[in-house]
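# Can you look at this prediction? I've put the sequence above it.
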Amino acid sequence: MKDQTAYNHMYDIAFTILSYQEDGRDITPAQVRLAVVERIASLTDHEIFEAIGWCDTYAVEESDANS
């Protein structure tokens, strides 16, 4: 019997961070992490697919799918 192919799907998500420098140099990794977590937590199951964007899909090698 042939194994079922597994697929890896990549998505992106938009979120915002308030900054006091136009180029965002004052934004820290901790602020980015918190903004992403807060954005995800604020979405209902109904809203989540409207808030994310599909970017790419590829078949996963058998060794990668089992790890």
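Now that the structure is in, tell me what you want to look at.

# So what's the residue count around R25?
8 (other CB atoms under 10 Å). The C-beta positions use only the backbone N, C-alpha and C, and glycine is treated the same way.

# May I ask which helix or strand encompasses it?
Using DSSP states H and E, R25 maps to neither a helix nor a strand.

# Tell me which residues touch it, please.
When contacts are counted by CB atoms under 8 Å, 6 or more residues apart in numbering, R25 touches no other residue.

# May I have the phi/psi pair for it?
Here is the backbone geometry of R25 (degrees, to the nearest 10): phi -60, psi -20.

# do the same with the one 4 residues further on
Here is the backbone geometry of P29 (degrees, to the nearest 10): phi -60, psi -40.

# Same check on G53?
Dihedral angles (degrees, to the nearest 10) for G53: phi -130, psi 130.

# same thing with V60?
phi -100, psi 140.

# burial count for it?
13.

# Same check on V36?
V36: 13 surrounding residues under other CB under 10 Å.

# Repeat that for Y58.
Residues lying near Y58 (other CB under 10 Å) number 9.

# My guess is it contacts A6. True?
No. Counting by CB atoms under 8 Å, Y58 stays clear of A6, with 10.1 Å between them.

# And the strands in this protein?
Per DSSP state E, the chain carries strands over the ranges 6-13, 52-60.

# Can I get those strands in TSV including mean pLDDT and distance to Y20?
Formatted as TSV, those follow (pLDDT from 0 to 100; distance: least, CB to CB, whole Å):
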stretch	mean pLDDT	distance to Y20
strand 6-13	96	24
strand 52-60	95	28
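
# Can you say which of those strands is nearest to S19?
strand 6-13 (18.5 Å; CB to CB).

# Adjacent strands (with direction) for the closest one?
strand 52-60 (antiparallel) (DSSP bridges).

# between the strands of the chain, which one is nearest to S42?
Proximity to S42 (CB to CB) singles out strand 6-13 among those, at 11.3 Å.
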